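Asks: A structural model of the following input is requested.
(chains A and B, ligands or ions: 1)
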Amino acid sequence: MKTLLVAEYREGKLLGTSSELINFAAQLGAESAMFLVGSEGALPGYSGKLYLADVEQAGEFNPSLHKQMLLEVVEKEQPQMVVLPHSSYGWDLAPRIAMALKTAQISEVVEVKDGNLVVPSCNSKLRRQVKATTAVTVVTLQGGAFTPAEDPSGTPEVIKVEVAAGGDIEFLGYEEAAETGVDLSKAEVIVSAGRGIGKPENLALIENLAKALKGEYGASRPVIDAEWAEHSRQVGTTGQTVSPKLYVACGISGAIQHLAGMKKSEFVLAINTDKDAPIGEIADVLVVADLKQLLPVLTEKLNAL
Amino acid sequence: MKILICIKQVPDMESKFKANAAGNWYEETDLAWRMNEYDEFAVEQAVQLKEQVGEADLTVLCIGSDRVKETMKKALAMGCDRGVHIADDESYLKDSYAIASLIAGFAKDKGFDLIFTGMQSQDRGSAQVGVLIAEMLGIPSLTTLVEFSYTDGTVNAKRELEGGTRAKVSCSTPALVTCQLGLNTPRYPTLPNIMKAKKKELISTPVAELSPAASLLETLQMAPPEKKGGGLVLEGDPADLADQLIQILKEKTTALA
Ligand SMILES: Cc1cc2nc3c(=O)[nH]c(=O)nc-3n(C[C@H](O)[C@H](O)[C@H](O)COP(=O)(O)OP(=O)(O)OC[C@H]3O[C@@H](n4cnc5c(N)ncnc54)[C@H](O)[C@@H]3O)c2cc1C
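Replies: You can find the predicted model right below:
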């Protein structure tokens, strides 16, 4: 089998996901070539053919143009599988490629099982083994699911891709997340609030427990989106990445985007009314309880120590 | 302006899930159903756009069994003008490509200026349908939006990237946008609007009349993930639990040192 790996480049940097693509191809025992809209000054560690389109001309974000160039490479390489990261770049580009090639797309692959690809569903409470009816497939990989033990090395054989003009979307630049607020990455103890707190008044329960444990409080995305806490407290792929000695997840289901931000915590304690909540997969201790009942008692006992 | 909003009905994710007898989807009985969370932001943004421009007609489209009409009524109560229900008891077996083909087939001659979808569904989670519809219709699509504005045929928006960085993007209509969590604050339908929604047009068309395309993906097996973590599970009285937890924190962590 032959795969075409699509690496990503943003804000002048090659993103680390290219190593996951390479590792995935290796797990399949597949040959590979790579496509990148990037720059010669930032090449991936890779020993294979790298089709490189100059980002200065093609732009970092221009999906219809990137699609056209990628399709030309597909035409040359005739891969059976086009592989992208399941990221804001990948999930945007992948369906465009799949549609142009009239092939099936398999999104957010987490594992290869008996030669078939497995994807999560229902907030990871279930897993789905899928099979395409088309000979070629477009695949996106869940971030972190194929991280190699060691970063791949090598120097790619660069083949330049001509960049034409075009695109139906104008990209007007980046806006960085505000850097003000708390820096959770240094906290040794983090107590996080999820949607399970129910209402903003209950955030006090989380803050009080965090104080009793001499830590900071954080939150999952719905709590931030509802403006119950400021954005700098969000833990996850679109928030902060943390690695405290103790992480207490209160009323947080454990969606992959949340886990990605806290799975490096040394000890994870989860408090959840749902025994099957996916947070249980990575928690050292899952307490099946209503946080509104448990937290006041726990905080009081800690304060009395 | 003519606007289309595509929504899906999904189970509450706090439900207990198990595979169905055929092993190709989850068992649909005993589940509580609601609007896909991402689609609530799509409906809200469309309604806000109508409030902004004044003259707009909002069609909400949903594919599924008769059960999904309940969710469509919520969208009508939030402010959509009419409902198009594609009646399909087996829509759960259709992949993103088959679903997008149905929607694009419906939309192609209707002259929609803007199409709103969620960025993904909570159950299938493929994040494909919106972009596929746009590609089938040959219109630009902007995905994963956390900010949206519209003036005179131009959409200005912000896409959310990893780490919370945003990309500022723009395109002309007709266009399709996919909505990310936090794009706006979806409204709760008021009682008078719920009553009004009952009188709004909601037409069902059997899927067979629309010559649906075949799926390109099949589900071979559906199963809960194998338990990897051998984490401890505690249940019981809050006071006992608190004592146990303090003991565990003392033994296993340095948090109380
Ligand atoms: C591109 C993208 C990026 C994202 N980035 C992030 C991110 O950076 N961070 C993030 O957190 N999410 C992110 N998300 C959202 C993520 O997918 C989930 O929607 C989110 O993490 C869910 O938050 P939650 O667990 O608090 O809420 P839910 O999933 O709704 O879970 C609530 C939990 O609370 C429990 N509960 C309810 N009541 C109680 C009670 N009384 N006591 C105890 N437990 C209770 C429930 O059983 C449930 O498990 C992102 C999503 C996308 C698509």
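
Asks: distance check, A:Tyr174 against A:Val6.
Replies: To A:Val6, A:Tyr174 is 21 Å away according to C-beta to C-beta, to the nearest Å. Just so you know, the C-beta spots here come from the backbone N, C-alpha and C atoms, and that holds for glycine as well.

Asks: out of those two, which sits in the busier spot?
Replies: Higher neighbour count among A:Tyr174 and A:Val6: A:Val6, with 27 against 16, using other C-beta atoms under 10 Å in any protein chain shown.

Asks: near chain B, anything from stretch A:3-15?
Replies: Yes. Stretch A:3-15 is in contact with chain B by C-beta under 8 Å from any C-beta of the partner chain, via A:Arg10, A:Glu11.

Asks: now that stretch: mean pLDDT?
Replies: On average, the pLDDT along stretch A:3-15 is 97.

Asks: what is the end-to-end distance of that stretch?
Replies: Stretch A:3-15 stretches 19 Å from its first residue to its last (C-alpha to C-alpha, to the nearest Å).

Asks: residue numbers of the stretch 201-305 of chain A in contact with chain B?
Replies: So the stretch 201-305 of chain A meets chain B at A:213-215, A:221-222, A:224-226, A:231, A:234, A:237-239, A:245-246, A:253, A:266-267, A:269, A:274-277, A:280-289, A:293-294, A:297-298, A:301-302, A:305 (C-beta under 8 Å from any C-beta).

Asks: now stretch A:258-267, how far from the centre of its chain.
Replies: 13 Å (C-alpha atoms, centre = their mean, to the nearest Å).

Asks: and that stretch, what's buried?
Replies: A:His258, A:Leu259, A:Ala260, A:Gly261, A:Met262, A:Lys263, A:Ser265, A:Phe267 (16 or more other C-beta atoms under 10 Å in any protein chain shown).

Asks: is any part of it close to the ligand?
Replies: Yes. Using C-beta under 6 Å from any ligand atom, stretch A:258-267 reaches the ligand at A:His258, A:Gly261.

Asks: quick one: mean pLDDT over that stretch.
Replies: Stretch A:258-267 comes out at a mean pLDDT of 96.

Asks: go on, stretch A:27-40?
Replies: Averaging pLDDT along stretch A:27-40 yields 97.

Asks: thinking again about what came up before, what subset of the residues of the stretch 201-305 of chain A next to chain B is buried?
Replies: Buried among these by 16+ other C-beta under 10 Å: A:213, A:215, A:221-222, A:224-225, A:231, A:234, A:237-239, A:245-246, A:253, A:267, A:269, A:274, A:276-277, A:280-289, A:294, A:297-298, A:302.

Asks: so which of the residues you listed are in strands?
Replies: Of the positions in those, A:Leu246, A:Phe267, A:Leu269, A:Val285, A:Leu286, A:Val287, A:Val288 sit in strands, assigned by DSSP state E.

Asks: show residues contacting stretch A:141-154.
Replies: A:17, A:19-24, A:26-27, A:44-48, A:83-87, A:90, A:108-111, A:120, A:237, A:256, A:260, A:263 (C-beta atoms under 8 Å, 6 or more residues apart in numbering or on different chains).

Asks: so which of these belong to strands?
Replies: Counting by DSSP E, these place A:Val83, A:Leu84, A:Pro85, A:Glu108, A:Val109, A:Glu111, A:Pro120 in strands.

Asks: burial count for the second one?
Replies: This means A:Leu84. Neighbours of A:Leu84 (other C-beta under 10 Å): 27.

Asks: apart from its chain neighbours, what residue comes closest to it?
Replies: A:Gly90 (3.7 Å; C-beta to C-beta, 6 or more residues apart in numbering or on different chains).

Asks: hmm, the one you found is touching A:Val6, no?
Replies: Yes. Counting by C-beta atoms under 8 Å, A:Val6 is a contact partner of A:Gly90 at 7.1 Å.

Asks: residues that sit against both of those two, list them.
Replies: Once C-beta under 8 Å, 6+ apart is applied, the residues that A:Gly90 and A:Val6 both contact turn out to be A:Leu84.

Asks: ok, for B:Ile139, nearest residue in space, not its chain neighbours?
Replies: According to C-beta to C-beta, 6+ apart, the nearest residue to B:Ile139 is B:Pro174 (4.8 Å).
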